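# Quick one: sequence plus predicted model below, questions after.
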Amino acid sequence: MVTFRCLLDILRPERRYVAAGAIAGRIDLLPLYLKQLELIGSTMGTRKEFRDLVAYIEEGKVRPLLARTYPLREIWQAQEDFVEKRWFGKLVLMP
């Protein structure tokens, strides 16, 4: 299982980690200090960055990491899986 600490361990000194989601629990920040890392929290980018990202996905330059997709009628299962936190990637609801 990939943990926040694992992600910090593999970053080279003076690099950056951007979190676009919440991290629950206790976090050992010693690697940030020792390796002079940056930790940035982000809820979203600019509209242009979003358009660029969509274009990269459409062109195949970026491939989102999907953990699982669910039909909308299984939204309860998606929510249950989300709460369990036993996945890596995005959980996607399909209409």
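Thanks, I have it. The structure presented is a predicted model; accordingly, all values stated were derived computationally and were not measured.

# ok, how many other residues are close to Leu37?
As a burial measure, Leu37 scores 17 neighbours (other CB atoms under 10 Å). Heads up, the C-betas are built off the backbone N, CA and C, glycines and all.

# and Cys18, what pLDDT?
Heads up, residue 18 is Val, not Cys. On pLDDT, Val18 comes in at 73.

# That one and Glu49 touch, don't they?
No. Val18 lies out of contact with Glu49 (CB atoms under 8 Å); the separation is 12.0 Å.

# so where's this structure shaky on pLDDT?
Scanning the chain for pLDDT under 70 picks out 1-2, 19-25, 41-44.

# Now do the strands in it.
Using DSSP state E, the strands found in the chain span residues 16-19, 38-41, 66-71, 90-94.

# I'd like to know how far the residue lying closest to Pro71 once chain neighbours are set aside sits from Leu66.
In this structure, Pro71 finds its nearest non-sequential neighbour in Met94, 5.6 Å apart by CB to CB, 6 or more residues apart in numbering. According to CB to CB, to the nearest Å, Met94 stands 11 Å off from Leu66.

# for Leu32, same thing?
Plainly put, Leu32 is 29 Å away from Leu66 if you go by CB to CB.

# now swap in Lys85 and tell me
Lys85 is 16 Å from Leu66, where distance means CB to CB.

# now Gly45
Taking CB to CB as the measure, Gly45 falls 20 Å from Leu66.

# residue at max distance from the center of the chain?
Farthest-out residue of the chain from its mean C-alpha position, per CA atoms, centre = their mean: Arg73, at 24.7 Å.

# dump the residue contacts of it.
Arg73 makes contact with no residue under the criterion CB atoms under 8 Å, 6 or more residues apart in numbering.

# same thing but at 10 Å, please
Each residue near Arg73 by CB atoms under 10 Å, 6 or more residues apart in numbering is listed here: 93-94.

# How far does stretch 86-95 stretch from one end to the other?
The straight-line separation of the ends of stretch 86-95 (CA to CA, to the nearest Å) is 24 Å.

# which residues sit against it?
Applying CB under 10 Å, 6+ apart, the contact partners of stretch 86-95 are 1-2, 21, 64-75, 77-79, 81-82.
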